[in-house]
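In: This is the structure alone, sequence omitted:
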């Protein structure tokens, strides 16, 4: 994982300084930490027990719009990072800097990280972080081994937080999730399962096997099979081997 940057724009339509003041740049240990900080901010309360952020929207994973109940919103982020209770996975792993006020000033450009928001109920491919040409692939048999392909064949999965219902919320590492292949035509919904050999398989029925979202970063291994005309490289396993792979949604 690499450092991840987020712009935060203060927006208060009744204040003429909005847009040119209180612009923040967050430097986060990783994208996962940035998302966990966002979720923590959604739950923060002020001293009256009201949400501290009156506005907190994600235009993209790296551009957030905010307003707070603080009388000086340009100081809110420093106060939150120094004094507010934050999850252990976030504490000390986010820095904020206040960008220049006004126009025509020096403007640091943060590196752009391509990618979509990881949101409950949405569908994604699963690819290898270190070798982004490798993807998870289900061949459609029932049950079918979950293969790793070289990208010529790949399968789109819906990620479902088990305690989130249909709420479209950003996923964080501690979230318990399951993966399923949505129903298509006459083909029923297929669920990701773990068999007695620690291999991952896809099958209709079974209700779905669960894991923590953060387990994509090191709990899934590979059992080599070999290449064929489909470009298959191996089978995905659970908790196998001394050097498991890291995967991400895309």
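Out: Received, thanks. Quantities reported herein were computed from a predicted structural model and do not represent experimental measurements.
In: Okay, helices next: where are they in the protein?
Out: Secondary structure of the chain (DSSP state H): helices located at 31-43, 76-83.
In: count of neighbours near the nearest residue to residue 207 once chain neighbours are set aside?
Out: Nearest residue to residue 207 in three dimensions, chain neighbours excluded: residue 191, at 6.6 Å (C-beta to C-beta, 6 or more residues apart in numbering). Placement of C-beta: from N, CA and C, glycine included. Using other C-beta atoms under 10 Å, residue 191 is surrounded by 21 other residues.
In: and if you look at residue 222?
Out: Other residues close to residue 222 by other C-beta under 10 Å number 18.
In: Who's the closest spatial neighbour of it, skipping the chain neighbours?
Out: residue 234 (4.4 Å).
In: for that neighbour, what are its contacts?
Out: Residues in contact with residue 234 (C-beta atoms under 8 Å, 6 or more residues apart in numbering) are 147-148, 222-225.
In: any idea which of the helices of the chain scores lowest on pLDDT?
Out: When the helices of the chain are ranked by mean pLDDT, helix 76-83 comes last with a mean of 92.
In: Domain-wise, how is this protein divided?
Out: 4-98, 123-249 (automatic domain parsing).
In: picking that back up, who's the residue nearest to residue 207 bridged to?
Out: Beta bridges link residue 191 to residue 180, residue 203, judged by DSSP bridges.
In: I'd assumed residue 180 was in contact with it.
Out: Yes. With contact defined as C-beta atoms under 8 Å, residue 191 reaches residue 180; the gap is 5.0 Å.
In: okay, and the common contacts of the two?
Out: Common neighbours of residue 191 and residue 180 (C-beta under 8 Å, 6+ apart) are residue 208.
In: Figure out how far the lowest-mean-pLDDT helix or strand in the chain is from the centre of its chain.
Out: Least confident element among the helices and strands of the chain, by mean pLDDT, DSSP states H and E: strand 232-238 (a mean of 83). Put simply, strand 232-238 sits 23 Å off its chain's centre (C-alpha atoms, centre = their mean, to the nearest Å).
In: In that strand, which residues are buried?
Out: 232-238 (16 or more other C-beta atoms under 10 Å).
In: Stretch 158-175 now?
Out: Residues of stretch 158-175 classed as buried by neighbour count (16+ other C-beta under 10 Å): 158-161, 164, 170-173, 175.
In: likewise stretch 116-131?
Out: Quick answer for stretch 116-131 (16+ other C-beta under 10 Å): 118-120, 122, 124, 126-128.
In: can you check stretch 188-197 too?
Out: Here stretch 188-197 shows 190-194 as buried, counting by 16+ other C-beta under 10 Å.
In: nearest residue to residue 23 other than its sequence neighbours?
Out: residue 99 (4.3 Å).
In: How about the contacts made by that neighbour?
Out: Contacts of residue 99 by C-beta under 8 Å, 6+ apart are 23-25, 107-108.
In: Which of those residues ranks first by neighbour count?
Out: residue 24 (20 neighbours).
In: From residue 142, how far out is the residue nearest in space to the middle of the chain?
Out: By C-alpha atoms, centre = their mean, the chain has its centre lying nearest to residue 118, at 4.1 Å. Look at residue 118 and residue 142: by C-beta to C-beta, to the nearest Å, they are 28 Å apart.
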